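K.L.:
predicted model and sequence follow; I will ask about them next.
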Amino acid sequence: MGKKYYKDLLSNLCCSVCKNELDEDAFTLVRKEKELRVVKMVCPNCGKDYGICFLKAHPGVGQPHEPLK
């Protein structure tokens with residue numbers, strides 16, 4: 001999972017302080033395990049710290065899928 005993964009996963013988010021769109025620069029990898037990534041999220045514009053995110057990789061995430069009915 002690279003920075004693009006985080007950007008796609010958390011797209012359309014903006015900083016609650018400066019309203020800057022959060023991009024891949026907002027995420028810093030803290031720890032990487034087999035299927036778990038620990039990521040620190042900080043607004044690159046104003047420095048607002050959003051803390052730590054725990055992201056678990058699942059097979060097929062990011063692949064095209066059928067819309068829910």
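P.N.:
Okay, I see it.
K.L.:
hey, let's count contacts and neighbours off CA atoms from now on
P.N.:
Will do.
K.L.:
quick one, helices of the protein?
P.N.:
3-9 (DSSP state H).
K.L.:
shaky segments in it?
P.N.:
Scanning the chain for pLDDT under 70 picks out 1-11, 57-69.
K.L.:
show me where it has its strands.
P.N.:
27-32, 36-42, 49-56 (DSSP state E).
K.L.:
please work out how many residues are found near the nearest residue to Phe27 once chain neighbours are set aside.
P.N.:
Leaving out its chain neighbours, the residue that sits closest to Phe27 by CA to CA, 6 or more residues apart in numbering is Met41, at 4.8 Å. By other CA atoms under 10 Å, 20 other residues sit near Met41.
K.L.:
try Val42
P.N.:
Count around Val42 with other CA under 10 Å applied: 19.
K.L.:
for Thr28, see how far away the nearest residue to it once chain neighbours are set aside is.
P.N.:
Spatially, and ignoring its direct neighbours in sequence, Val42 is nearest to Asp49 (4.5 Å; CA to CA, 6+ apart). Going from Asp49 to Thr28 by CA to CA, to the nearest Å gives 11 Å.
K.L.:
return every residue with contacts to both of the two.
P.N.:
Listed as contacting both Asp49 and Thr28 by CA atoms under 8 Å, 6 or more residues apart in numbering are Met41.
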